[in-house]
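J.: Provided below are the primary sequence and the corresponding predicted coordinates.
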Amino acid sequence: MFTRAQKQDQIDALKGMLAPAHGLFVMDFTGLSVGEVTELRRKVKEAKGNYRVVRNTLARLAVAETGHGALKQLLTGPAAVAYTDQDAVLLAKTLADFAKTHEKLRFRGGLVEGQLLDAAQAKQVAALPSRQELVAKLLFVLQSPMRRLVTVLDAPVRGLAVSLKGIADDKERREKA
């Protein structure tokens, strides 16, 4: 049994980890072996996230104090929290990919950018394009009008060059004839 001070230390540690998180996913891991959990932790770490099995009573207190209080309802029974302060979509994809091959890992829900998600919505986050893909698409969209403008502005010059080339070719043919 933990003393009150030890419990408070754990709550403070949880608050410190969960407060800056942009993406939090509560997972049901019942039935996973220690080896599978270790593999999951490694994959989550590669996705720039963390995975932690939590005690529900302490986790409820911690999330209430971090502004993620909506997660309280998901913290029942054996629970683990996967969280990241970077790309929540990448973490969700990692969890969903692992869950495809390990049926005992299930989403309970999550919190992404302050939005509470149920299990189905948390899985849908995994289907979203990653942040890098979205930035690339945005850059393409922003560059498109500039490309069109350059093409339109370049057309008269190109037309003049083609006309001059045609005149030079025509003059050359006349001189040979």
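T.: Ah, there it is.

J.: quickly list the domain ranges of this structure.
T.: 4-128, 129-177 (automatic domain parsing).

J.: let's have those domains in TSV, adding mean pLDDT and mean neighbour count.
T.: (C-beta placed from N, C-alpha, C; glycine too.) Shown next, in TSV, are these (pLDDT from 0 to 100; neighbours: other C-beta atoms under 10 Å):
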stretch	mean pLDDT	mean neighbour count
domain 4-128	86	17
domain 129-177	82	10
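
J.: element containing the residue nearest the centre of the chain?
T.: Computing the C-alpha centroid of the chain and ranking residues by C-alpha atoms, centre = their mean puts Val89 first, at 2.2 Å. Per DSSP states H and E: Val89 is located in helix 88-101.

J.: okay, that helix in CSV with CA atoms only?
T.: Coordinates of each C-alpha in helix 88-101 appear next as CSV, following Å, rounded to 0.1, in the frame of the first residue of the first chain:
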residue,chain,number,x,y,z
ALA,A,88,-1.2,12.6,-32.3
VAL,A,89,-2.0,11.0,-35.7
LEU,A,90,1.3,9.2,-35.8
LEU,A,91,0.7,7.8,-32.3
ALA,A,92,-2.8,6.7,-33.2
LYS,A,93,-1.5,5.0,-36.4
THR,A,94,1.1,3.2,-34.4
LEU,A,95,-1.5,2.0,-31.8
ALA,A,96,-4.0,1.0,-34.5
ASP,A,97,-1.3,-1.0,-36.5
PHE,A,98,-0.3,-2.8,-33.3
ALA,A,99,-4.0,-3.5,-32.5
LYS,A,100,-4.5,-5.1,-35.9
THR,A,101,-2.0,-7.8,-35.1
